[in-house]
Structure formats: C-alpha cells, structure tokens
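Student: test case, fold it:
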Amino acid sequence: MTVEISTILQFLAVVAVGLMSVTIPTYALSITYLARETGSTLREIRRRREVLSERLEALREKLVKEGSTTEIEAEINRFKLEEKHLRDRQFFLTVKGAVVVPLVLCLSCISLSVYGIVESADSSFLILAAVPLLGALYFLWKTLESVEKAALRPEEKLLPIFKIEFDKGGQALTYHEVQSSKFQSWPEMWER
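Tutor: Numbering: from 1, shown residues only. Here you go, the predicted structure:
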C-alpha cells in the first residue's frame, strides 16, 4: 500500500471522529424541537386525513358515475407520500436519527479505515471506507435541516389561509385562521 492511501484512510478516520463529536451537540439542538414537531406532525396528519376522507368521498361519488379508480389511487398515494415526509422530518430529530445512526456509520468508517491501514488495502478500499462517512454526513445534514424547519416554521403555517380584498382597490390582507384581528373599515365615497 502506498503512503497516500494510508494518509487518506487516516484522514477519513479523523474526520469520522470529528463527526462523532458533533452528533451529541446536534442531538441537544434537535431534542428541544422534538416535542413540538411531534405534536405538529400528529395534528397535520390528522388534518390531512380529514381532508383526504372528504376528497375520497367526492371521488367515490365520481367513481360511481365514471367507474375509474385512478384518481382515488393517486390521492391515496399523494397522502402517503406527504405523511412519509412528515414522519421522516420527525425521525431525524430523534435519538436514533440524530445520534445512533451517525455514530454507527462513523464507527464503521473508523473500523474500515484502521483495517485498511493494518492490512495494507489497495485504493479501491478507499471508497468502501468513505461510504459510511458520507452516510453519517447525510444523517447529520438531515437532522440540522429538520431542526431548522422546526425552529423557523411557525405553527400557523400548517393552518389554512384566507385573504380579504376589496372591489375598488385598497390593501389586500392575508390572515391565518389562528390570528385574531379587528376589522375596521371607514366608509369612503367612490367616484364612478
């Protein structure tokens, strides 16, 4: 084995140790948002199921008339995909997604790197040692992305929005359902 391959394997092992040291602080960040995100996820899934049941009921009536099930299947598949996305975001905030999987992948990278150095592995072994490190990076990135979404996403974003506009111009106002606002209007004379 050449010195370059040994040096690269050592570098991979050192980076893996560095990533291992980042997983615990990352989890400390993620745990602060886990309860809120879990509650939001469950409420959103419940709301989406209600919307899905309404849509399926409308599509069922259409099915009786037309006899095609493709729209119902598409609606169910879309719902399953949205639900999976919500649950994945929640998974990356848990101890398993934020700590266990990245630590196991980092330990795998370290083990493979040490084995490659001791056994004088060839250059193809570099890819095998780098793959777990890339997996650990992916999990940490998804955890930080989930923390960001949980921190920046206000609760109202999940609720429907309605908009008030006036016929003769004026300011268009947009409200979330949860917002409370007094509507004040002063009558004005409009020229025709």
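Student: please name every helix or strand in contact with the longest helix seen in the chain.
Tutor: Among the elements of type helix in the chain, defined by DSSP state H, the one spanning the most residues is helix 3-66. Using 3 or more Cβ pairs under 8 Å, 6 or more residues apart in numbering; DSSP states H and E as the contact criterion, the elements in contact with helix 3-66 are helix 70-91, helix 101-118, helix 124-152. Just so you know, the C-beta spots here come from the backbone N, C-alpha and C atoms, and that holds for glycine as well.
Student: flag the shaky bits of the protein, pLDDT-wise.
Tutor: Screening the chain residue by residue with the criterion pLDDT under 70, one finds the ranges 1, 64, 67-68, 153-192.
Student: what residues are up against Val147?
Tutor: Thr26, Leu29, Ser30, Tyr33, Leu93 (Cβ atoms under 8 Å, 6 or more residues apart in numbering).
Student: wait, the first one touches Val101, no?
Tutor: No: contact criterion Cβ atoms under 8 Å: Thr26 and Val101 do not qualify, at 11.9 Å.
Student: between these two, which contacts overlap?
Tutor: Residues touching both Thr26 and Val101 do not exist when contact is defined as Cβ under 8 Å, 6+ apart.
Student: for Arg55, list the residues it contacts.
Tutor: Going by Cβ under 8 Å, 6+ apart, Arg55 touches Glu75.
Student: i'd like the first residue to be 504 from this point on
Tutor: Yes, from this point I'll number from 504; that puts the last item at Arg558.
Student: so how far is Glu576 from it?
Tutor: As judged by Cβ to Cβ, to the nearest Å, Arg558 and Glu576 stand 12 Å apart.
Student: just Leu537 next, same as before
Tutor: When distance is defined by Cβ to Cβ, Leu537 is 34 Å away from Glu576.
Student: these two: who's more crowded?
Tutor: Neighbour comparison, Leu537 and Glu576: the larger count goes to Leu537, with 19 against 11 (by other Cβ atoms under 10 Å).
Student: ok, now which ones touch the residue positioned nearest the centre of the chain?
Tutor: Centroid check for the chain by Cα atoms, centre = their mean gives Arg592 as the closest residue, at 3.4 Å. Arg592 makes contacts with Glu540, Thr544, Ser649, Lys652, Ala653, as judged by Cβ under 8 Å, 6+ apart.
Student: what's around the nearest residue to the third one once chain neighbours are set aside, how many residues?
Tutor: This points to Ser649. Taking Cβ to Cβ, 6 or more residues apart in numbering as the measure, Ser649 lies nearest to Phe595, with 4.2 Å between them; neighbours along the chain are not counted. Counted with other Cβ under 10 Å, residues neighbouring Phe595 total 25.
Student: Ile534 too?
Tutor: Based on other Cβ under 10 Å, the number of other residues close to Ile534 is 15.
Student: same deal with Glu540?
Tutor: Glu540 has 23 neighbours, counted by other Cβ under 10 Å.
Student: who touches the closest residue to it other than its chain neighbours in this structure?
Tutor: Closest residue to Glu540 in three dimensions, ignoring its sequence neighbours and counting by Cβ to Cβ, 6+ apart: Ala653, at 4.6 Å. Contacts of Ala653 were listed using Cβ under 8 Å, 6+ apart, and they are Tyr536, Arg539, Glu540, Arg592, Leu596.
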